[in-house]
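**Student:** What follows is a protein structure lacking sequence information:
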C-alpha cells in the first residue's frame, strides 16, 4: 500500500539488520568484538554471552539471526550450545570463532550444526562476511580449517574401512549414517519418520554397542566405516 507521495512504506533501500549474539567466556574478547561488530551497518549485537546457557537464553528471548560462538566456555560449552540451538532454534545460524582448529573440534562443531568455522586469527571483514553468509544459509570455513578438513578426508579415504559391531541393527546403522552427515536429532527423526525420543534411544544403544564417546566420535566412526 503506497502513501500519497507514491512511496511504498514497506520497501526500503537499506539492508535488513542482522541480530547477532557474541559468545565468549572472556570479557576482554567478548566486549571489544561486540563493539567492533556493532560498527557494521547491517549488524545489531543484541546480546553478549559468557557461556552456552546465556546463548540459549538469548535465543529463547529472540529474535536472533546468528550466534558468533566460542567453543571452550563454562557450564554449557559451544558444541553443546550449537547442538541445542540447531534442534530448538533451527532459524539461528552458528559461526564458530575459536582458537582451536584441531580435527575433533572442527568435526564436533560442524556435526552439531555450525554453518561457519573461523579461528581467532580472522579479521573483522572475514568475521562480518561469515556472519552474513551464515544468515543467508551459506557455510564459511577459513583456509586453515578447510585445509585440515581436506587432509582428514584424504587420509580417511585411503584408510581401510573399520567395521562396526555385528549387533548393531540396520536402524542404528541408518542413524549413525545420518549423524555422520551432520544431521541433528530432529532432522534424523524427520528423515526416518520416527520420534526424537526414538532417535535418542537408538543413539544411546549405538554408542553403548560401538563404544562411541560422543557425537564427534560418532562422525569419525561413520566416516571410518564408509557410511
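**Tutor:** The structure has been received and is ready for your questions. Bear in mind the structure is a predicted one, so any value in this text is a computation, not a measurement.

**Student:** can you pull the buried residues of the host helix or strand of residue 87?
**Tutor:** For residue 87, the enclosing helix or strand under DSSP states H and E is helix 78-88. Within helix 78-88, the residues that count as buried by 16 or more other Cβ atoms under 10 Å are 78-87. C-betas here are computed from N, CA, C, even on glycine.

**Student:** Please enumerate the helices of this structure.
**Tutor:** 27-37, 52-61, 78-88, 103-112, 124-135, 143-158, 170-180, 185-192, 196-210, 215-224 (DSSP state H).

**Student:** The fifth one: which residues count as buried?
**Tutor:** Buried positions in helix 124-135, judged by neighbour count with 16+ other Cβ under 10 Å: 126-128, 130-135.

**Student:** Please convert those residues to CSV, extending it with distance to residue 119.
**Tutor:** What follows is the buried residues of helix 124-135, written out as CSV (distance: Cβ to Cβ, whole Å):
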residue, distance to residue 119
126, 10
127, 11
128, 16
130, 11
131, 15
132, 19
133, 16
134, 16
135, 20
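
**Student:** which one of the buried residues of helix 78-88 is nearest residue 70?
**Tutor:** residue 78 (5.4 Å; Cβ to Cβ).

**Student:** got the contact list for the residue lying closest to residue 84 once chain neighbours are set aside?
**Tutor:** In space, and not counting its chain neighbours, residue 84 is closest to residue 56: 6.0 Å by Cβ to Cβ, 6 or more residues apart in numbering. Applying Cβ atoms under 8 Å, 6 or more residues apart in numbering to residue 56 gives the contacts 76, 81, 84-85, 88.

**Student:** Tell me how far residue 56 lies from residue 31.
**Tutor:** 20 Å (Cβ to Cβ, to the nearest Å).

**Student:** can you check residue 49 too?
**Tutor:** 12 Å.

**Student:** And for residue 39?
**Tutor:** On the measure of Cβ to Cβ, residue 39 and residue 31 end up 14 Å apart.

**Student:** Between those two, which is the more surrounded one?
**Tutor:** Neighbour count, other Cβ atoms under 10 Å: between residue 39 and residue 31, residue 31 has more, with 13 against 10.

**Student:** List the residues that contact that one.
**Tutor:** Going by Cβ under 8 Å, 6+ apart, residue 31 touches residue 48.

**Student:** middle-most residue in this protein, spatially?
**Tutor:** The centroid of the chain falls nearest to residue 114 when counting by Cα atoms, centre = their mean (1.6 Å).

**Student:** I'd assumed residue 81 was in contact with it.
**Tutor:** No. Taking contacts as Cβ atoms under 8 Å, residue 114 lies outside contact range of residue 81: 10.3 Å.

**Student:** Spit out the residues that contact those two alike.
**Tutor:** Listed as contacting both residue 114 and residue 81 by Cβ under 8 Å, 6+ apart are residue 69.
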